[in-house]
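Q: What follows is a predicted structure for the sequence shown.
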Amino acid sequence: MTSPSAKDPLKDTKNLVEAASMQAKKLLKEYTKGKGGVMTAMGFCRLVLDEGFGLQDWGVGQRQRIVISNARKEILGKHDANIIKRPPKASPLQLPSTSEIYKELAEENVAKTAMKKTSIDSKLDPDALKMNGILLVPTVFPYENVINVLEYLSKFEDNKKLKWTFLRPSTGNGQQGAYVTLPANVPESLRNLQDELRQALKNKLGVESGEKTLFLKYGVGGVNWAHQDQSTFPYQAMLLLSRPEVDFQGGKLYVADPSTTGKSANEKVCNRVDFQSSGDLVIFAANNSKPTSRPFYHGMTKVIPGQNKNEKDSHRLAIGLLQT
C-alpha cells in the first residue's frame, strides 16, 4: 500500500512534460515517415496518461491539458497543425427523460418502499472518511422526498436555456452523461439535507463545504473518468435518485489513487461504493486537500441496463452536493 504522503504523478510538471515530449517525438517520427495518422489534442493527452503513466479511464484536467499541449507543440513545431486535428462535431447525447422517469417512479407504492431515515451525523465516521476517501450513508433521503425532487427536476428540465455540461471523450471527462447547476430554490428537503451534511462535516472533521447543487444524469454506457474537482473544500457528496439494480446496474462511485500500482482506474481503486437504494448518500474526497490523507481522484464505473429494462429506459440520476 502506498504511504499517505505519496506524490500525485499527475501534478508532477516535469514528468508530464517528459512523457508528453516522448509521445510527441514518436508521433513526429511516424509522421515524417508517412506512417503516422492524425489525432485530436484530447486524444494525445489521453495517450500520454496511458503510455507515460499507465493511467487508463483517467480524466484529463485543465492543468494537465495545458502542460501536455505546450510540450507537444514544442516538439511538433510547424507540423502540429497537420498532425493534431479538431474533433468532429459532437452528435447529441441520447439521455433519459427526467419527466418520464418521474412519471414511472411516482406510481410506485411509497409506503412499501419507504425506509427509516438515517441520521448523517450518527453515520459519519471521520476516520474512515479520511482514510478511505469515500463513505456511504445509506437511506438518508426518504423515498417520498426522492419523488418530490424528481418532480422538481422534471419541471426544471423543461427550461430550454439550461447550460448543460456534457461528458464526451473529446472533452476528457467521460461519456454518455451530463450535469447542470441547480438554482438556489431547490426543494426544502434537499436544502435541509445539504445543510445537515455541511454541519456534520464541520462538527466531525472541522471542515467547511460548498453550497451549490448539481443535477447529474447518465444513460447506458455513461462513465465518469477519475478526476479531481477544482474545489476550495475537501469533500463533496452525491445523493442517488435512481434505484440500483432496477433502474441501472454498474454506475458505482469510487475513489482511486494514481500513485498506486495497476493500470486502469478500476485497478487502482481504493474504495468503491455499492449502492443499496435510491436515497443513498455518498461523501467523497473532491481533491487531496487536508484532511484527506492521499491523492484521491473520484470517478464512476460504466452504467449498464437495469434489470428487466432496455437501454432507453435505464437511467442513473443523482444530485451533486457541496459544490463550489
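A: That came through fine. Remember, it's a predicted structure, so these values are computed and weren't measured experimentally.
Q: remind me, longest strand of the protein?
A: strand 212-227 (DSSP state E).
Q: residue boundaries of the helices in the stretch 51-200 of the chain?
A: With DSSP state H, counting those that start in this stretch as the criterion, the stretch 51-200 of the chain has helices at 53, 62-76, 80-83, 98-106, 110-113, 120-123, 126-132, 143-156, 188-205.
Q: With mean pLDDT and mean neighbour count as extra columns, can I get those in CSV?
A: In short, each C-beta sits where N, CA and C put it, glycine included. Formatted as CSV, these follow (pLDDT from 0 to 100; neighbours: other C-beta atoms under 10 Å):
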stretch, mean pLDDT, mean neighbour count
helix 53, 86, 18
helix 62-76, 95, 17
helix 80-83, 92, 14
helix 98-106, 90, 17
helix 110-113, 51, 12
helix 120-123, 90, 15
helix 126-132, 91, 16
helix 143-156, 93, 20
helix 188-205, 96, 17
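Q: Name the stretch from the ones you listed that approaches Phe275 most closely.
A: Across those, Phe275 has its closest neighbour in helix 143-156 (12.9 Å, C-beta to C-beta).
Q: Give the other helices and strands that that closest one contacts.
A: Helices and strands touching helix 143-156, by 3 or more C-beta pairs under 8 Å, 6 or more residues apart in numbering; DSSP states H and E, are helix 98-106, helix 110-113, helix 188-205, strand 316-323.
Q: Touching the following helix or strand past the longest strand of the chain from outside, list them.
A: Downstream of strand 212-227, the next assigned helix or strand under DSSP states H and E is strand 235-240. The contact list for strand 235-240 (C-beta atoms under 8 Å, 6 or more residues apart in numbering) reads 129, 140-141, 190, 193, 197, 201, 205, 207, 209-210, 216, 229, 253, 275, 277-286, 316, 318-323.
Q: Weed out the non-buried ones from those.
A: The neighbour count (16 or more other C-beta atoms under 10 Å) marks 129, 140-141, 190, 193, 197, 201, 205, 207, 209-210, 216, 229, 253, 275, 277-286, 316, 318-323 as buried among these.
Q: pLDDT weak spots in the stretch 151-300 of the chain?
A: Applying pLDDT under 70 to the stretch 151-300 of the chain picks out residues 158, 160-161, 261-269, 293.
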